[in-house]
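Asker: Would you be able to build a 3D model of this:
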Amino acid sequence: MNEPNELRWSVGPRNLITDIPGLRVGNASDAQIKSGVTVLTSEQPFIASVDIMGGAPGTRETDCLAPDKLVEEVDALVLSGGSALGLDAASGVVAALRESGRGFNVGPVRVPIVPAAIIFDLLNGGQSDWLYNPYQALGRQALAAAGEGFALGSAGAGVGATTAVLKGGLGSASIVMPDGTLVGALVVVNPHGSVVTPGGKAFWAAPFEMHGEFGGCGQPMAPDPFLIPRNDKLRAYEAMRGLPGGSSGSPPAGMNTTIAIVATNAVMNKAQLLRMAVAAQDGMARAIVPSHTPFDGDLVFALSTCGVPMQAPVEDAMRLGHAAAVCLSRAIARAVYLAESAPGDTLPSWQDKFGHDNYERSW
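Answerer: Model (predicted):
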């Protein structure tokens, strides 16, 4: 009997999206405002697409990633805090890339293509009464810091992220498939839902954990929601979110979002990458309960560095989509597992609530 492909997968040397050759990630943050920026770039422009499933997204230049649009390659992707104000981080990245000669060729002019997405982190205990928008400078700093190694947890765009009951953060993970093809994920975890089971420390993503990368806390155990009496369902949902009984459990719209990037070195076009992004959304749903709510702007970018041709395009694309979903689930759990508490936080970190260990913050 053939063993499942998952049993023959391995983790890349860093367990980061930068295990894919050529990719670089940089973080920048401001402790006063409890927010930050994460930039993914590459030695060469790359092909990308995007899928948006949340009800309250905040984006820049995502329309150009549709398969029927002219621009084929982008120079960087930006994940930022700051809600709509954080979209200015992409302006800093665009300016820095243009100064270095990067960008889409339009005659004598080069125009860097830098799609971006944001989370809402303006009510996390940080200062929010600033007048000068800090995100353009943070975007420049994150691009300048881009490299193969980068911090996870409370870093970059994950500094001010929160979940239903715990601090959120920045996560990443990688997979080496049996044929050597690489898949990676990078995510800012800031959902309306929870990444851990109600009242417990186990992660919903536990079935996909590799090498104890988020604590080996065991498999999630939760009652079947269809077995909960109708009158108790609201109380069960409030318990998951850590809310007192009788509260509505509904924050103002648009105050959450999980934004992610999945990547591969397999040769894929924009249409194939769109399907990979759609498949990766399943990984978000497996790791966050509930996900894709009206209060979230859940979004997944998918990119290819086009380093390795696919041997069987349809079957390989299916396997890559499944690997991207698994990789994203793991990255989401790692983000919360590695987050660290800071003065003024409105929620505890997983480590503070369930115990510290010596697990590395990056590989």
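Asker: Report how many residues lie close to the closest residue to Ile259 other than its chain neighbours.
Answerer: Of all residues not flanking Ile259 in the chain, Ala117 sits nearest, at 4.3 Å (C-beta to C-beta, 6 or more residues apart in numbering). The C-beta positions use only the backbone N, C-alpha and C, and glycine is treated the same way. Here the number of neighbours of Ala117 (other C-beta atoms under 10 Å) works out to 32.
Asker: Now the element after the host helix or strand of Ala117, going C-ward?
Answerer: Following DSSP states H and E, one finds Ala117 within strand 116-118. Following strand 116-118 in sequence order, the next helix or strand is helix 135-144 (DSSP H and E).
Asker: Tell me which other helices or strands that following helix touches.
Answerer: strand 23-30, strand 35-52, strand 73-80, helix 89-99 (3 or more C-beta pairs under 8 Å, 6 or more residues apart in numbering; DSSP states H and E).
Asker: what about 6 Å?
Answerer: In terms of contacts (3 or more C-beta pairs under 6 Å, 6 or more residues apart in numbering; DSSP states H and E), helix 135-144 is packed against strand 23-30, strand 35-52, helix 89-99.
Asker: Please point out which parts of it sit buried.
Answerer: By 16 or more other C-beta atoms under 10 Å, the buried positions in helix 135-144 come out as Tyr135, Gln136, Ala137, Leu138, Gly139, Arg140, Gln141, Ala142, Leu143.
Asker: In JSON lines: those residues, plus pLDDT and distance to Ser80.
Answerer: Formatted as JSON lines, the buried residues of helix 135-144 follow (pLDDT from 0 to 100; distance: C-beta to C-beta, whole Å):
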{"residue": "Tyr135", "pLDDT": "97", "distance to Ser80": "6"}
{"residue": "Gln136", "pLDDT": "97", "distance to Ser80": "10"}
{"residue": "Ala137", "pLDDT": "97", "distance to Ser80": "12"}
{"residue": "Leu138", "pLDDT": "98", "distance to Ser80": "8"}
{"residue": "Gly139", "pLDDT": "98", "distance to Ser80": "7"}
{"residue": "Arg140", "pLDDT": "98", "distance to Ser80": "12"}
{"residue": "Gln141", "pLDDT": "98", "distance to Ser80": "12"}
{"residue": "Ala142", "pLDDT": "98", "distance to Ser80": "9"}
{"residue": "Leu143", "pLDDT": "98", "distance to Ser80": "12"}
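Asker: What is the most widely separated pair among the residues you listed?
Answerer: Greatest spatial distance among these (C-beta to C-beta): Tyr135 and Leu143, at 12.5 Å.
Asker: So what's the residue count around Pro309?
Answerer: Neighbour count of Pro309, defined by other C-beta under 10 Å: 9.
Asker: Now do Met310 against Pro21, distance only.
Answerer: Distance from Met310 to Pro21, counting by C-beta to C-beta, to the nearest Å: 17 Å.
Asker: go on, Ser154?
Answerer: For Ser154, the distance to Pro21 - C-beta to C-beta - is 28 Å.
Asker: ok, these two, which is more surrounded?
Answerer: Taking neighbours as other C-beta under 10 Å, Ser154 and Pro21 compare with Ser154 leading, 26 against 13.
Asker: In this structure the more buried one contacts Ala339, no?
Answerer: Yes: if you go by C-beta atoms under 6 Å, Ser154 and Ala339 touch, sitting 5.0 Å apart.
Asker: shared neighbours, these two?
Answerer: Gly169 (C-beta atoms under 6 Å, 6 or more residues apart in numbering).
Asker: returning to what we had before: export the helices and strands packed on helix 135-144 to TSV and tack on distance to Ile261?
Answerer: Converted to TSV, the helices and strands packed on helix 135-144 look like this (distance: least, C-beta to C-beta, whole Å):
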stretch	distance to Ile261
strand 23-30	9
strand 35-52	6
helix 89-99	14
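Asker: Let me have the ones you listed in CSV, adding mean pLDDT as columns.
Answerer: Formatted as CSV, those follow (pLDDT from 0 to 100):
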stretch, mean pLDDT
strand 23-30, 98
strand 35-52, 96
helix 89-99, 96
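Asker: in the stretch 51-200 of the chain, what spans have low per-residue confidence?
Answerer: Across the stretch 51-200 of the chain, nothing is flagged by pLDDT under 70.
Asker: Let's verify His192: helix, strand, or coil?
Answerer: Put simply, His192 is coil when judged by DSSP: H, G, I helix; E, B strand; the rest coil.
Asker: Hmm, Asp298 and it touching each other?
Answerer: No: using C-beta under 6 Å, His192 makes no contact with Asp298, being 9.5 Å away.
Asker: Confirm Thr264 sits in a strand?
Answerer: Yes: when three-state DSSP is applied, Thr264 is found to be in a strand.
Asker: pretty sure it contacts Gly180?
Answerer: No: Thr264 is not in contact with Gly180 according to C-beta under 6 Å; the separation is 11.6 Å.
Asker: deepest of the helices and strands packed on helix 135-144, which one?
Answerer: strand 35-52 (a mean of 25; mean count of other C-beta atoms under 10 Å).
Asker: so that one versus strand 73-80, what angle?
Answerer: With axes from the mean of the first three to the mean of the last three C-alpha atoms, to 10 degrees defining the directions, strand 35-52 sits at 130 degrees from strand 73-80.
Asker: In its sheet, which strands sit next to strand 35-52, and in what direction?
Answerer: If you go by DSSP bridges, strand 35-52 pairs up with strand 23-30 (antiparallel), strand 73-80 (antiparallel), strand 299-308 (antiparallel).
Asker: Let me know which of these is the nearest to Val159.
Answerer: Val159 sits nearest to strand 23-30 of all these, at 4.3 Å, using C-beta to C-beta.
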